[in-house]
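*Asks:* Following is a predicted model, sequence given first.
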Amino acid sequence: MPRRRRSVRDRSITVILLSGSISPIRRLSLSPKGAWALAILSMAVIISLFWMGITLVTFRNDMRNIQSIKEDNQAKTEQLMTLQEQLRSLEKEKENIEREQSEIKRLMGIRTARPSSSATPSRSGIMLDRKSDPGNLASVMGREIERMLSSFNTTKTELTELRDQVLANREYYLARPNSWPVIGQITSTYGIRKSPFSRRTEQHSGLDIAANSGTPVRAAASGTVVCAGFDRVYGRLIKVDHGNGYVTWYGHNQVILVQVGEKVEKGQVIARVGCSGRSSGPHLHFAIQGKNGFVDPESYLAKTER
């Protein structure tokens, strides 16, 4: 009787497993479906391993890049902090120079506008923010330092010129009456005015500066006291001779703190504000007498002091 041929479905695949020369040979019979499942599973494992390998390599590269970025950011942050310290140092030095410059200008009587209290310089205005890019901050800080250096050099050059000029004529500038004698409000200016007593038109020889009784009165310039006594109009009156034809008057004082013949320095307290003499209230009458008579004090006094 002839043998029946097996169909493809009945065929099986035998897999021989060898584990060593001594171990027995093992056979694994798989149906076609099982063979295909094993092949697909093997392919899936191979693809998974391949993908995991690529992922691992990519991860390692990313970690190296992250480390490199961290190191770069750390270097930039350190650079930024160094730039910030340099900027602070520059600003402090610039402030010191501007302070000296202001004093020299005061001595010279240069009229400059008082800086606004609301206008503040950048001064370390670029703060280190952890959320900001250190690279960008360092770039901005570098430009700020360049700007500061430019401004600093300009100020330093101007200061050197002013210092040389003042030192060459120190006595003259110290004797120039350009320092405000008292801080207060001007209630009457130099020139023609109506008298507060007679209401007649009169020539006012100086400035009336209202202030509280006892407020210090300071010498507008260095000089010698030539008058320290009582006057029926100006009450307790002080006159200081500064040389070069200039004499300053300080009237209506509450108390006089100097005496005739005494040498006074610019800014020295010489009296206290009062209302002695013919006065309607506590104030200082300040006048500058030149070679040809009284002059307008505001043309001499520095604006920065009030």
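*Replies:* Received, thanks. Quick caveat, the model's predicted, so the values are computed rather than measured.

*Asks:* where does the chain dip in pLDDT?
*Replies:* Counting by pLDDT under 70, the ranges of the chain that qualify are 1-30, 73, 105-138, 141, 197-198, 303-306.

*Asks:* mind running it again at 90?
*Replies:* Scanning the chain for pLDDT under 90 picks out 1-176, 178-179, 183-184, 191-204, 243-245, 267, 279-280, 291, 299-306.

*Asks:* Quickly list what the nearest residue to residue 200 once chain neighbours are set aside is bridged to.
*Replies:* Closest residue to residue 200 apart from its sequence neighbours, by C-beta to C-beta, 6 or more residues apart in numbering: residue 194 at 6.9 Å. Where C-beta positions appear, they are placed from N, C-alpha and C, glycine not excepted. Note on residue 194: beta-bridge partners by DSSP bridges are residue 201.

*Asks:* do you know how far residue 194 is from residue 157?
*Replies:* Separation of residue 194 from residue 157 (C-beta to C-beta, to the nearest Å): 49 Å.

*Asks:* Give me the neighbour count for residue 281.
*Replies:* Per other C-beta atoms under 10 Å, the neighbour tally for residue 281 reads 11.

*Asks:* now do residue 226
*Replies:* 13.

*Asks:* Show the contacting residues for it.
*Replies:* Taking C-beta atoms under 8 Å, 6 or more residues apart in numbering as the criterion, residue 226 is in contact with 239-241, 247, 260.

*Asks:* mind checking the SS state of it?
*Replies:* strand (DSSP: H, G, I helix; E, B strand; the rest coil).

*Asks:* just the one 3 residues further on next, same as before
*Replies:* The three-state label for residue 229, taken from three-state DSSP, comes out as strand.

*Asks:* Quick check: phi and psi on the closest residue to it other than its chain neighbours?
*Replies:* In space, and not counting its chain neighbours, residue 229 is closest to residue 237: 6.6 Å by C-beta to C-beta, 6+ apart. Backbone geometry at residue 237, expressed as degrees, to the nearest 10, gives phi -120, psi 140.

*Asks:* Would you check how far apart residue 237 and residue 152 are?
*Replies:* To residue 152, residue 237 is 47 Å away according to C-beta to C-beta.

*Asks:* Pick out whichever of these two has more residues nearby.
*Replies:* residue 237 (22 against 17).

*Asks:* helix or strand for residue 153, which one?
*Replies:* Assigned by DSSP states H and E, residue 153 belongs to helix 134-168.

*Asks:* Which strands and helices lie in contact with the helix ranked longest in the chain?
*Replies:* Scanning the chain for the longest helix, with DSSP state H as the assignment, gives helix 32-108. Here helix 32-108 touches strand 13-17, helix 134-168, helix 170-174, going by 3 or more C-beta pairs under 8 Å, 6 or more residues apart in numbering; DSSP states H and E.

*Asks:* so can I have CSV of these showing distance to residue 281?
*Replies:* Rendered in CSV, the data for the helices and strands packed on helix 32-108 read as follows (distance: least, C-beta to C-beta, whole Å):
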stretch, distance to residue 281
strand 13-17, 120
helix 134-168, 38
helix 170-174, 33
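
*Asks:* Residue 274 is nearest to which of these?
*Replies:* helix 170-174 (27.3 Å; C-beta to C-beta).

*Asks:* Skipping its backbone neighbours, what lies nearest residue 219 in space?
*Replies:* Closest to residue 219 by C-beta to C-beta, 6+ apart is residue 264, at 4.6 Å.

*Asks:* That neighbour and residue 258 touch, don't they?
*Replies:* Yes - at 6.1 Å, residue 264 counts as touching residue 258 under the criterion of C-beta atoms under 8 Å.

*Asks:* shared neighbours, the two?
*Replies:* In contact with both residue 264 and residue 258: 225, 270, using C-beta under 8 Å, 6+ apart.

*Asks:* before we move on, the earlier item: separate out the buried members of the contacts of residue 226.
*Replies:* Among the contacts of residue 226, those classed as buried by 16 or more other C-beta atoms under 10 Å are 239-241, 247.

*Asks:* Just name the closest of those to residue 218, please.
*Replies:* Nearest to residue 218 among the buried ones among the contacts of residue 226, with distances taken as C-beta to C-beta, is residue 240, at 10.8 Å.

*Asks:* If anything else comes up later, I'll come back, but that's it for now.
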